[in-house]
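1. Can you look at this prediction? I've put the sequence above it.
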Amino acid sequence: MSTSTAIGTNNIASALIAEMEHEAATARKCLERIPAEKFDWKPHEKSMSFGKLASHVAEMFGWTPVTLQQPELDFAKFDYKPFEPATTEDLVEFLDKNVAEAIDVLRNTPDEVFMEDWTMRNGDTIYFTLPKVATMRSFVMNHIVHHRGQLTVYMRLNDIAVPSIYGPSADEGQM
């Protein structure tokens, strides 16, 4: 039985879990293909490196607990240290850990919590305040999809086969 059918009657979490499981499986297919020797590659001087972008994709699933268990994220109150994988396996393990934790948090979040406001700020500067459900959809899920799209361009530019995502790819014509 899939995780999304095992969680009961929590409608908002059920929908987000199903979506997250789908997007995580696709992200995993991409991350598994990125060789560590390409982690420093960049398509442009202003671009993130391949490894940093891949780590960012894996990291964003881990934003779920912060979004659902806290009222805000204040950059002025913590020292951010990005994950720097040494190997492709490290990268995939980081993704898997973040996805498992995110799904566990979703599974245990009642519908009413999704309607609470969540704020992103840096001290007195407020970037946005949205209901937690909107934050999950835009700041977490859509953000993952956006950067995974960038990642597939990096893959193409490095002759790494792009997996089927929402339909066949030029490398994997069959679904």
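-> Great, that's in hand.
2. What backbone torsions are found at residue 42?
-> phi -140, psi 140 (degrees, to the nearest 10).
3. which residues sit in contact with the residue nearest to it when sequence neighbours are not counted?
-> Nearest residue to residue 42, sequence neighbours excluded (Cβ to Cβ, 6 or more residues apart in numbering): residue 49, at 5.2 Å. No exception for glycine: its C-beta is placed from N, CA and C like everyone else's. Contact analysis of residue 49 by Cβ atoms under 8 Å, 6 or more residues apart in numbering lists 39-42.
4. please redo it, this time with the cut-off set to 10 Å
-> 38-43, 55, 154 (Cβ atoms under 10 Å, 6 or more residues apart in numbering).
5. do the same with residue 130
-> Contacts of residue 130 by Cβ under 10 Å, 6+ apart are 67, 117-120, 136-139.
6. In a markdown table, list those along with neighbour count, secondary structure and pLDDT.
-> What follows is those, written out as a markdown table (neighbours: other Cβ atoms under 10 Å; DSSP: H, G, I helix; E, B strand; the rest coil; pLDDT from 0 to 100):
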| residue | neighbour count | secondary structure | pLDDT |
| --- | --- | --- | --- |
| 67 | 22 | helix | 97 |
| 117 | 12 | strand | 98 |
| 118 | 23 | strand | 98 |
| 119 | 15 | strand | 98 |
| 120 | 18 | strand | 97 |
| 136 | 26 | helix | 98 |
| 137 | 16 | helix | 96 |
| 138 | 12 | helix | 95 |
| 139 | 20 | helix | 95 |
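7. got these as TSV, with distance to residue 104 columns?
-> Shown next, in TSV, are the contacts of residue 130 (distance: Cβ to Cβ, whole Å):
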residue	distance to residue 104
67	14
117	23
118	19
119	24
120	23
136	15
137	19
138	22
139	19
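8. And the furthest pair within those?
-> The distance between the two most remote of the contacts of residue 130 (Cβ to Cβ) is 16.2 Å, for 119 and 137.
9. per-residue confidence for the closest residue to residue 147 other than its chain neighbours?
-> Nearest residue to residue 147, sequence neighbours excluded (Cβ to Cβ, 6+ apart): residue 57, at 5.1 Å. As predicted, residue 57 sits at a pLDDT of 98.
10. and residue 57, what is it in contact with?
-> Counted by Cβ under 10 Å, 6+ apart, residue 57 has contacts 23-24, 27-28, 30-31, 34, 91, 95, 98, 143-151.
11. so which helix or strand takes in it?
-> Applying DSSP states H and E as the criterion places residue 57 in helix 50-61.
12. sorry, back to before: over to the residue nearest to residue 42: give its phi and psi.
-> Torsion angles, degrees, to the nearest 10, at residue 49: phi -70, psi 160.
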